[in-house]
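[1] this one's structure only:
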């Protein structure tokens, strides 16, 4: 009760004392002084009113004492909650600091590892170039020496050929002379028999000379044939050396091209990693600033709460002092009333409260309190595990479903096709025909087309599910760190982890425009899927599945639920049960601690 209400109650009691006619009883002797007077000497009505007044004051005093005790307990509880919040905030700050240190250490370690790998690759390339240059110089010297020897052999062979030709002409001339001489001797033999013997002997000598000349000629011809063979072998060796040099040059060109491609691939991977680390640093910085801002707001709220508690305590102290003053005044008034004659009075009837209205109000409150939990339980989002399948794939990143086949992408660029009912072994394996580094982070299928989100170069690829080796269109993503991709039946949607925005692609191709939508909550989406006008997403930060509703230029959470395991990618399908009732299924791709991919199917209850 307020002091005004207490004053009104005292006035009412005073009016009860002072109202009515004086009693007819004979006058009683009064005490000589107020110190000798007690309540037992007062008339009955005065004593009753005085006792009721004192009981009212005592009740008010006990109520105020109880209220002060409750305020002190509330203060202690608020102080304990404030200390607990401060402890939790300090622990969260320490956790964020350790996380930032781990991220910095990991970033530094990866940068040093990439630098060491690049330096090792450069050194290996330089060593290979040096070895190739040395081998090329050695082969060139061998070829030059072989060419010089062939030239010398050819010069010597030409000289021998000229000598052989001169000797052969000389031998033929001598043979003709000998034949002429033999003819003359044969003519003169008829005239002189004595000269016949001499001619025969000269003829034998000439025959021996001719045979010797022919033997020398045959010997020189054999030497000429051997020289021809040696020349052919030398030319063959020169040809082999030239072919070997051409082969080594081609190998060097191919190896240099391979090293160049490796360098470009590593450089692009390093650039992508650098962009990812930059986005991560920006995100950590934003989270740190957000945490400091929230911590400042929390401190401000706690300070304001402490000020309010101080004001409440001050008011409580003032109320206690006023109650003490009122008690003293009431005691003084009671002493004054004891000195007066007590008239007879009738107590006023108290107003009655209709209990039917109180019962109706209490029933309505109970029905409302029980209806709210029932409504929440009826419309709560939950998942029931239906089946799990181990996939025969390496480093999986995303899944997509075209109505017949389940498609799974690998980090190295592979695209696998599985049976939807039994996805144990792939029934088809494809390679996307794209140039440069390609690391698919998300997949989405619509109308026979497959859309892939390339995290290595920040781009979107479109190709047919029948011919994945032929890419139809390529265009860049609107954000620097694309993380998720989905198709709503009309437009393609993507999420960027750096800007934390959802983008609607108004068309396809490099000239297509995009429209940005913000998130009205703090989350990091790594997988998104559209289902009947709702955007289902996996929040990697909150470890939960979110169902988002679009309103103008933003998205808000309509429902949410946790999953026992994380999710790299997800999709939604309808399946008929035993009673031919269509049930909504959630397919989730996750990775076991051993690194093996796992596909879980959940029944969705909404």
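    Here it is on my side, so go on. None of these values were measured; they are calculated from a predicted model.

[2] which strands and helices sit next to the longest helix along the chain?
    In terms of residue count, the longest helix belonging to the chain (DSSP state H) is helix 44-191. On a contact count with 3 or more Cβ pairs under 8 Å, 6 or more residues apart in numbering; DSSP states H and E, helix 44-191 meets helix 3-18, helix 194-338. All C-beta atoms are positioned from the backbone trio N, CA, C, and that covers glycine.

[3] Can you tell me which of these has the worst average pLDDT?
    Across these, helix 3-18 has the smallest mean pLDDT, namely a mean of 71.

[4] What angle do helix 194-338 and the longest helix of the chain make with each other?
    Here helix 44-191 runs at an angle of 180 degrees relative to helix 194-338 (axes from the mean of the first three to the mean of the last three Cα atoms, to 10 degrees).

[5] Just say helix, strand or coil for residue 450.
    Secondary structure assignment for residue 450 (DSSP: H, G, I helix; E, B strand; the rest coil): strand.

[6] my read: residue 291 touches residue 95, true?
    No. Counting by Cβ atoms under 8 Å, residue 291 stays clear of residue 95, with 10.5 Å between them.

[7] who has more neighbours, those two?
    Neighbour totals were compared for residue 291 and residue 95, and residue 291 leads with 14 against 10 (other Cβ atoms under 10 Å).

[8] how close does that one get to residue 93?
    7 Å (Cβ to Cβ, to the nearest Å).

[9] what do you get for residue 516?
    From residue 516 to residue 93 the distance is 32 Å (Cβ to Cβ).

[10] just residue 100 next, same as before
    Taking Cβ to Cβ, one finds residue 100 at 10 Å from residue 93.

[11] Please apply the same query to residue 13.
    Here residue 13 is placed at a distance of 61 Å from residue 93 (Cβ to Cβ).

[12] Compare these two (neighbour count), which wins?
    More neighbours surround residue 13 than the other of residue 13 and residue 93, with 20 against 14 (other Cβ under 10 Å).

[13] Against residue 415, how distant is residue 597?
    The gap separating residue 597 from residue 415 is 14 Å, by Cβ to Cβ.

[14] shaky segments in this protein?
    In the predicted model of the chain, residues 1-3, 14, 16-46, 189-196, 199, 337-379 satisfy pLDDT under 70.

[15] picking up where we left off before, ok, which of the helices and strands packed on helix 44-191 comes nearest residue 52?
    Nearest to residue 52, of all the helices and strands packed on helix 44-191, is helix 3-18, at 6.6 Å by Cβ to Cβ.

[16] element containing residue 384?
    strand 382-390 (DSSP states H and E).

[17] Which helix or strand lies directly C-terminal to that strand?
    Following strand 382-390 toward the C-terminus (DSSP H and E): strand 396-401.

[18] so how far is that next one off the chain centroid?
    Distance of strand 396-401 from the chain centroid (Cα atoms, centre = their mean, to the nearest Å) equals 14 Å.

[19] Partner strands of the helix or strand just after that strand, with direction?
    The helix or strand immediately downstream of strand 396-401 is strand 405-410, counting by DSSP H and E. Using DSSP bridges, strand 405-410 pairs in its sheet with strand 396-401 (antiparallel), strand 414-419 (antiparallel).

[20] what about strand 405-410, distance to the chain center?
    Relative to the chain's own centre, strand 405-410 is displaced by 19 Å; criterion: Cα atoms, centre = their mean.

[21] Make CSV from the strands paired with strand 405-410 and add mean neighbour count and distance to residue 539 to it.
    CSV is the format used below for those (neighbours: other Cβ atoms under 10 Å; distance: least, Cβ to Cβ, whole Å):
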stretch, mean neighbour count, distance to residue 539
strand 396-401, 23, 17
strand 414-419, 20, 27
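
[22] Would you mind pulling the contact partners of stretch 129-141?
    Under the contact criterion Cβ atoms under 8 Å, 6 or more residues apart in numbering, stretch 129-141 has outside partners 241, 244, 245, 248, 249, 252, 255, 256.

[23] in that stretch, what counts as buried?
    132, 139 (16 or more other Cβ atoms under 10 Å).

[24] One more: stretch 144-153?
    Buried positions in stretch 144-153, judged by neighbour count with 16+ other Cβ under 10 Å: 146, 150.

[25] same deal with stretch 74-81?
    So stretch 74-81, judged by 16+ other Cβ under 10 Å, has buried residues residue 75.

[26] cool, and stretch 170-177?
    The neighbour-count check on stretch 170-177 (16+ other Cβ under 10 Å) flags residue 171 as buried.

[27] do stretch 211-231 as well
    Quick answer for stretch 211-231 (16+ other Cβ under 10 Å): 213, 220, 227.

[28] do stretch 428-438 as well
    For stretch 428-438, by 16+ other Cβ under 10 Å, it's 430, 432, 434, 437, 438.

[29] quick one: it to chain centroid distance?
    With Cα atoms, centre = their mean as the basis, stretch 428-438 stands 21 Å off its chain's centre.

[30] what's next to it, contact-wise?
    Outside stretch 428-438, the residues that reach it (Cβ under 8 Å, 6+ apart) are 264-265, 268-269, 272, 405, 413-417, 440, 452, 454, 456-457, 461, 463, 468-471, 474.

[31] From those, list the buried ones, please.
    272, 405, 413-417, 440, 452, 454, 456-457, 461, 463, 468, 471, 474.

[32] Check the gap between the nearest residue to residue 277 once chain neighbours are set aside and residue 291 for me.
    Among residues not flanking residue 277 along the chain, residue 107 sits closest, at 5.5 Å (Cβ to Cβ, 6 or more residues apart in numbering). Separation of residue 107 from residue 291 (Cβ to Cβ) stands at 20 Å.

[33] count of residues packed around residue 605?
    When neighbours are counted by other Cβ under 10 Å, residue 605 registers 13.

[34] my bad, residue 495
    For residue 495, using other Cβ under 10 Å, the count is 28.

[35] ok, now which ones touch the spatially closest residue to it that is not a sequence neighbour?
    Take residue 495 and drop its neighbours on the chain: the residue closest to it by Cβ to Cβ, 6+ apart is residue 484, 4.2 Å away. Listed by Cβ under 8 Å, 6+ apart, the contact set of residue 484 reads 441, 442, 453, 494, 495, 525, 526, 527, 528, 537.

[36] For residue 484, what are phi and psi?
    The phi/psi pair for residue 484 (degrees, to the nearest 10) reads phi -150, psi 160.

[37] Distance-wise, check it relative to residue 572.
    Distance of residue 484 to residue 572, given as Cβ to Cβ: 14 Å.

[38] Same question for residue 418.
    For residue 418, the distance to residue 572 - Cβ to Cβ - is 17 Å.

[39] now do residue 298
    Noted for residue 298: a distance of 39 Å to residue 572, by Cβ to Cβ.

[40] what phi and what psi does the backbone show at residue 463?
    Dihedral angles (degrees, to the nearest 10) for residue 463: phi -150, psi 170.

[41] Report the beta-bridge partners for it.
    Note on residue 463: beta-bridge partners residue 450, residue 471, judged by DSSP bridges.

[42] contacting residues for it?
    432, 433, 449, 450, 452, 470, 471, 472.

[43] I'd like the residues you listed written out as a markdown table, with distance to residue 581 added.
    Shown next, in a markdown table, are these (distance: Cβ to Cβ, whole Å):
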| residue | distance to residue 581 |
| --- | --- |
| 432 | 39 |
| 433 | 43 |
| 449 | 31 |
| 450 | 31 |
| 452 | 35 |
| 470 | 41 |
| 471 | 41 |
| 472 | 39 |
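
[44] now, among the residues you listed, which is nearest to residue 149?
    Using Cβ to Cβ, residue 433 comes nearest to residue 149 of the contacts of residue 463, at 52.4 Å.
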